[in-house]
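Enquirer: Let me see the structure of the following:
(one chain, ligands or ions: 1)
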Amino acid sequence: MIEVFLDPCTVNSRKVLAGLDFLGTKYKLNHVDYFTGEHKKGEYLEINPMATVPAAVDGDCRIFESNAILQYAADLGNSDEKYPKDPKTRAMVNSWLLWEASVWFPSCYVYLFEYIVKPLLKQEPDESVVDAEAPRWHKLAGFLDKQLSKTKWLAGNELTIADISVAASLHLHAAQHVPLDQHPNLKRWLLDGVEKLPCWQKTQAAVDKALLPDAPNVNGTSSVRATFNYTKDVDQLTEIYFYECDAAKNIHEPGDDPHEMPVTDSWHRADTFSIDREGFSLNNFETQYNKWEDDENVRFSFYPEVVEMLKQITGAKRILVFDHTIRTNANAGKKLTDETRTTQRTPVMLVHCDYTAESGPIRVRQLLKEEADDLLSRRVAFINVWKPINVVEERPLAMCDVTSTSPQDFFKLHLRYRDRNGENYVMRHSPKHKWWYFPKMTPEQVILLKTYDSGMDGTARFVGHTAFEDPTSPPDAQTRESIEIRTIAFF
Ligand SMILES: N[C@@H](CCC(=O)N[C@@H](CS)C(=O)NCC(=O)O)C(=O)O
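Expert: Alright, predicted model coming up:
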């Protein structure tokens with residue numbers, strides 16, 4: 001499999017990510033942090049002595065030019081449309097690719113540097129530099145405009161890797177202040193063509209979040225401070241009752257140890273989290289499904305899509321989706337302990353993990369009686385899929401990086417239902433905890449949370465997570481709506 005080494009927010013890295021998605025190429029992504037200069041350091045220089053991102057490796061083949069990576073991937077995929085084999089059409093595609101690397105990218109980069117990189121470095125753009133570049137840029141943009149007045153895409157009527165490559169230099173065209181209006185065919189191609197492509201849309205968020213002027217600082221990361229509701233570990237059991245009774249009096253309830261902690265915006269390295277290392281990951285997941293109020297329909301029509309996605313991501317032999325919870329506006333007034341219709345709830349503001357070392361296997365036995373012994377003889381992992389239903393503007397989900405936790409940080413919360421008992425983990429506070437979140441996450445993405453793993457080989461087993469009040473949420477933020485789907489992966 002091709003391994004790529006890049007930072008998803010740079011022009012040529014984004015070109016490769018969008019291009020590989022367009023080509024349908026499977027790849028492994030290694031994040032090289034451009035802003036901390038990782039591309040100039042020892043290990044990376046072995047891969048790409050040019051000290052630029054991106055680079056790619058496939059066995060003993062090393063590729064250090066973004067367009068060459070796309071050409072190679074297209075050849076492997078044997079695609080005759082996306083990188084045509086007919087010599088004349090291919091020559092046209094190659095011409096645009098070489099033109100892009102030699103003159104187009106350097107010209108567009110002047111705008112990107114002055115209007116985006118400099119503000120990130122807290123420097124003023126130098127208009128005279130842009131004015132000096134403008135005649136050359138217009139001349140080059142004029143070539144594109146002329147071609148696009150004749151053909152829908154750069155090399156004819158089919159979209160090719162040349163379109164992806166040339167568009168990448170304009171990937172922040174508004175903030176970049178490139179004067180597109182004078183080139184209407186170029187503008188139409190970009191706004192109505194390239195920007196409508198799923199491969200483009202999927203790779204834009206990482207760029208916007210790291211580079212747009214409101215991104216708070218130079219390394220593309222920002223953090224806010226927020227209150228996290230940890231639990232004091234006292235002599236008494238920690239419990240919650242989901243019904244009223246005498247035993248529910250004088251109990252030790254969870255969430256009695258709030259701490260203010262930094263929580264870091266994860267977008268600058270969104271592709272690099274793993275459910276087996278940090279205990280969570282961010283994945284693209286597009287679905288047309290939208291009947292969230294109809295529980296039966298969700299089970300029948302939506303669960304199978306989740307199964308397919310998780311099989312692909314985890315490589316598990318079998319995925320069982322067994323439950324879901326919808327957190328919507330309509331449930332905004334409901335208490336966490338509300339007894340009825342537990343599929344419909346409000347966000348949980350308590351640091352917790354949904355299973356314990358004991359309750360994971362018990363749940364497998366409850367759900368799959370006959371097969372449980374056999375299934376539990378191999379690796380079993382519980383994975384929660386958390387999907388926004390609208391753009392998350394308030395009470396986002398935060399994850400406590402498993403690499404910053406130790407098993408001693410977790411202890412049991414006993415869940416008392418009228419007909420059964422269950423258990424979760426809650427967490428005691430540690431200043432070592434590293435919290436992550438994805439502000440303004442959209443419905444095309446999901447967070448996977450590892451809530452139990454039978455593996456004892458160092459894989460992440462329990463990820464603490466919680467909703468939190470984000471102090472940067474606008475006062476008129478729309479109420480967060482999300483669905484959480486509980487699944488078990490059998491390996
Ligand atoms: N022609 C190369 C250009 C790669 C390139 O210049 N990448 C930039 C980021 S977009 C870089 O790594 N620059 C090195 C630096 O700024 O230190 C390609 O297409 O891969």
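Enquirer: alpha carbons only for contacts and neighbour counts from here, please
Expert: OK.
Enquirer: and the gap between the residue of the chain found nearest the ligand and Phe64?
Expert: Nearest residue of the chain to the ligand, counting by C-alpha to the nearest ligand atom: Thr52, 3.1 Å away. Per C-alpha to C-alpha, to the nearest Å, Thr52 is found 8 Å from Phe64.
Enquirer: okay, those two: which has more neighbours?
Expert: Neighbour count, other C-alpha atoms under 10 Å: between Thr52 and Phe64, Thr52 has more, with 22 against 19.
Enquirer: Go ahead and confirm the more buried one touches Lys41.
Expert: No - using C-alpha atoms under 8 Å, Thr52 is not in contact with Lys41; the gap is 10.7 Å.
Enquirer: Up against the ligand, what does this structure have?
Expert: With C-alpha under 6 Å from any ligand atom as the criterion, the chain meets the ligand at residues Thr10, Val11, Asn12, Thr52, Val53, Pro54, Phe64, Glu65, Ser66, Asn67, Ala101.
Enquirer: ok, back up a step: which phi and psi does the residue of the chain closest to the ligand have?
Expert: Main-chain torsions, Thr52, degrees, to the nearest 10: phi -130, psi 150.
Enquirer: Show the residue spans covered by the strands in the stretch 351-491 of the chain.
Expert: 352-353, 380-388, 397-400, 410-416, 421-427, 435-437, 445-453, 464-467, 482-490 (DSSP state E, counting those that start in this stretch).
Enquirer: List the buried residues for the strand or helix carrying Ala74?
Expert: Assigned by DSSP states H and E, Ala74 belongs to helix 66-77. For helix 66-77, a neighbour-count test (16 or more other C-alpha atoms under 10 Å) marks Ser66, Asn67, Ala68, Ile69, Leu70, Gln71, Tyr72, Ala73, Ala74, Asp75 as buried.
Enquirer: just so I know, which of the strands of the stretch 351-491 of the chain lies nearest Leu212?
Expert: Closest approach to Leu212 among those is made by strand 435-437 (18.3 Å; C-alpha to C-alpha).
Enquirer: for the record, mean pLDDT for that closest one?
Expert: In this model, strand 435-437 has a mean pLDDT of 95.
Enquirer: returning to that earlier point: contact partners of the helix holding Ala74?
Expert: 12-13, 15-16, 19-20, 23-25, 54-56, 63, 82-83, 97, 101, 161, 165 (C-alpha atoms under 8 Å, 6 or more residues apart in numbering).
Enquirer: What's the first helix or strand after that helix?
Expert: Past helix 66-77, the next helix or strand by DSSP H and E is helix 87-99.
Enquirer: Next, the angle from the helix or strand following that next one to helix 87-99.
Expert: Next helix or strand after helix 87-99 toward the C-terminus (DSSP H and E): helix 105-112. If you take axes from the mean of the first three to the mean of the last three C-alpha atoms, to 10 degrees, helix 105-112 sits at 40 degrees to helix 87-99.
Enquirer: The residues of the chain next to the ligand into TSV, with extra columns for pLDDT and distance to Tyr243?
Expert: Below are these laid out as TSV (pLDDT from 0 to 100; distance: C-alpha to C-alpha, whole Å):
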residue	pLDDT	distance to Tyr243
Thr10	93	53
Val11	95	56
Asn12	97	57
Thr52	95	60
Val53	95	57
Pro54	97	56
Phe64	96	62
Glu65	97	63
Ser66	98	60
Asn67	98	62
Ala101	98	66
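Enquirer: domains in the protein, as residue ranges please.
Expert: What automatic domain parsing lists as the domains of the chain is 2-211, 223-490.
Enquirer: Would you work out how far apart the start and end of the longest one are?
Expert: I take that to be domain 223-490. Domain 223-490: ends 36 Å apart by C-alpha to C-alpha.
Enquirer: so how far is that domain off the chain centroid?
Expert: 17 Å (C-alpha atoms, centre = their mean, to the nearest Å).
Enquirer: picking up where we left off before, in strands, which of the contacts of helix 66-77 fall?
Expert: Using DSSP state E, the subset of the contacts of helix 66-77 located in strands is Ala55, Ala56, Ile63.
Enquirer: now those residues in a markdown table, with neighbour count and distance to Thr89?
Expert: What follows is the ones in strands among the contacts of helix 66-77, written out as a markdown table (neighbours: other C-alpha atoms under 10 Å; distance: C-alpha to C-alpha, whole Å):
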| residue | neighbour count | distance to Thr89 |
| --- | --- | --- |
| Ala55 | 28 | 26 |
| Ala56 | 28 | 26 |
| Ile63 | 19 | 24 |
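Enquirer: so what's Arg461 closest to, chain neighbours aside?
Expert: What sits nearest to Arg461 in space, not counting adjacent residues and going by C-alpha to C-alpha, 6 or more residues apart in numbering, is Asp453, at 4.6 Å.
Enquirer: how close does that neighbour get to Tyr243?
Expert: 30 Å.
Enquirer: quick one: the strand or helix carrying Met261 to strand 421-427, angle?
Expert: Using DSSP H and E, Met261 sits within strand 257-265. If you take the same axes, to 10 degrees, strand 257-265 sits at 70 degrees to strand 421-427.
Enquirer: tell me what whatever helix or strand comes next after strand 257-265 is packed against?
Expert: For strand 257-265, the succeeding helix or strand toward the C-terminus, using DSSP H and E, is strand 280-284. Applying 3 or more C-alpha pairs under 8 Å, 6 or more residues apart in numbering; DSSP states H and E, one finds that strand 280-284 contacts strand 445-453.
Enquirer: What lies in contact with the strand it packs on?
Expert: Under the criterion C-alpha under 8 Å, 6+ apart, residues 275-276, 279-286, 353-357, 360, 379-388, 459-463 lie in contact with strand 445-453.
Enquirer: just for the stretch 201-350 of the chain, where's the confidence low?
Expert: 213-221, 329-347 (pLDDT under 70).
Enquirer: list the contacts for Leu211?
Expert: Cys9, Ile116, Val117, Leu120, Gly220.
Enquirer: Distance of it relative to Val53?
Expert: Distance from Leu211 to Val53, by C-alpha to C-alpha: 16 Å.
Enquirer: ok, now Leu76?
Expert: From Leu76 across to Val53, the span is 21 Å (C-alpha to C-alpha).
Enquirer: List the buried residues in stretch 254-269.
Expert: 254-255, 257-259, 261-269.
Enquirer: Would you reformat those as JSON lines and include distance to Ala226?
Expert: Below are these laid out as JSON lines (distance: C-alpha to C-alpha, whole Å):
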{"residue": "Pro254", "distance to Ala226": "18"}
{"residue": "Gly255", "distance to Ala226": "15"}
{"residue": "Asp257", "distance to Ala226": "13"}
{"residue": "Pro258", "distance to Ala226": "10"}
{"residue": "His259", "distance to Ala226": "8"}
{"residue": "Met261", "distance to Ala226": "6"}
{"residue": "Pro262", "distance to Ala226": "6"}
{"residue": "Val263", "distance to Ala226": "7"}
{"residue": "Thr264", "distance to Ala226": "10"}
{"residue": "Asp265", "distance to Ala226": "12"}
{"residue": "Ser266", "distance to Ala226": "15"}
{"residue": "Trp267", "distance to Ala226": "18"}
{"residue": "His268", "distance to Ala226": "20"}
{"residue": "Arg269", "distance to Ala226": "21"}
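Enquirer: Alright, that wraps it up for me.
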